[in-house]
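Undergrad: Below is the sequence, then the predicted model.
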Amino acid sequence: MSISNSPEESAKNKIENTIFQMAIAAILRATSARVFSRFSDNFQETRAKKPVK
């Protein structure tokens, strides 16, 4: 494995890293939004089932 520090290589790596990070961030956001909405739905159902005193 050779490490080259030519400007073209480092620019390409920076772009690839940025795209990779953006993809991960998007996946995490989508996943956490789905989990959160499911959690809040369960919470709403649980509160609705409880008898109000």
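TA: Received, thanks.
Undergrad: Does the residue nearest the centre of the chain belong to a helix, a strand or coil?
TA: Centroid check for the chain by Cα atoms, centre = their mean gives Leu28 as the closest residue, at 1.2 Å. Secondary structure, DSSP: H, G, I helix; E, B strand; the rest coil: Leu28 is helix.
Undergrad: residue ranges with poor pLDDT in this structure?
TA: By pLDDT under 70, the weakly predicted segments of the chain are 1-4, 51-53.
Undergrad: This structure: helices as residue ranges?
TA: With DSSP state H as the definition, the chain shows helices at residue ranges 7-49.
Undergrad: Would you quantify the distance from Glu45 to Ser37?
TA: Relative to Ser37, Glu45 is positioned 13 Å away (criterion: Cβ to Cβ, to the nearest Å). Glycine gets a C-beta too; all of them are placed from N, C-alpha and C.
Undergrad: so what sits against both of these two?
TA: Any residue near both Glu45 and Ser37 by Cβ atoms under 8 Å, 6 or more residues apart in numbering counts here, and not one turns up.
Undergrad: Understood, closing this out.
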